[in-house]
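**Student:** Everything below, folded, please.
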Amino acid sequence: MKCITYKAGYKYQLKEDYIDTIDIKPGEAIDTEYIALGLDGTLTIRDGYAWDGPSGPTIDTLNFMRGSLVHDALYQLMRERHLDREMYREAADRLLQNICREDGMSELRAWWVYHGVRLGGDPAADPAHDKPLIRAPISCQ
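**Tutor:** The predicted structure is shown next:
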């Protein structure tokens, strides 16, 4: 029997590299399969990266997508212990708010987005929260 192994919970997949310079500058360069963050704050999210889009009780609007991509990538770096969540989580949350505003989200909604991730986002940045591997079919367990 042939088996597959996957992680659930992703809705979107990047189809070309996304590169931007952000204010988060790690102590040492980070380079993973899908995410790189340079000492100068150059963030590269590579083609093929999968993320779940905006989280919580919200609507996946175009003015939320880029922010959710960057935020999810930074939280993944925290979950994988490449970035210290105590040091960088608030900056990642504020960056989400700022990108949403840049992309045309109303100031009020962006404020709610920021406060929503401040209140409920910590588990998503916690290394213990990594999505489990799933194997299928059932005989592959």
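**Student:** Quick check: which element contains Asp20?
**Tutor:** Per DSSP states H and E, Asp20 falls inside strand 18-21.
**Student:** Mind listing the strands the following helix or strand past that strand pairs with, and their directions?
**Tutor:** Of the helices and strands lying after strand 18-21 in sequence (DSSP H and E), the nearest is strand 30-31. Using DSSP bridges, strand 30-31 pairs in its sheet with strand 35-37 (antiparallel).
**Student:** distance between the partner strand and the chain's centre?
**Tutor:** Relative to its parent chain, strand 35-37 has a centroid offset of 11 Å by Cα atoms, centre = their mean, to the nearest Å.
**Student:** per-residue confidence for the closest residue to Glu107 other than its chain neighbours?
**Tutor:** Leaving aside its chain neighbours, Glu107 sits nearest to Arg101 (6.7 Å; criterion: Cβ to Cβ, 6 or more residues apart in numbering). (Each C-beta comes from the backbone N, C-alpha and C, glycine too.) Listed pLDDT for Arg101 reads 98.
**Student:** A helix includes Arg101, no?
**Tutor:** Yes: assessed with DSSP: H, G, I helix; E, B strand; the rest coil, Arg101 lies in a helix.
**Student:** i'd like the first residue to be 41 from this point on
**Tutor:** Right, with 41 as the first residue, what we last looked at is Arg141.
**Student:** burial count for it?
**Tutor:** Look at Arg141: counted by other Cβ atoms under 10 Å, it has 18 neighbours.
**Student:** I'd say it and Trp151 touch.
**Tutor:** No: between Arg141 and Trp151 there is no contact under Cβ atoms under 8 Å: 9.3 Å.
**Student:** that older thread, counting by contacts, list what the strand holding Asp60 packs against.
**Tutor:** Using 3 or more Cβ pairs under 8 Å, 6 or more residues apart in numbering; DSSP states H and E, the elements in contact with strand 58-61 are strand 82-85, helix 102-119.
**Student:** Please consider this matter closed, and thank you.
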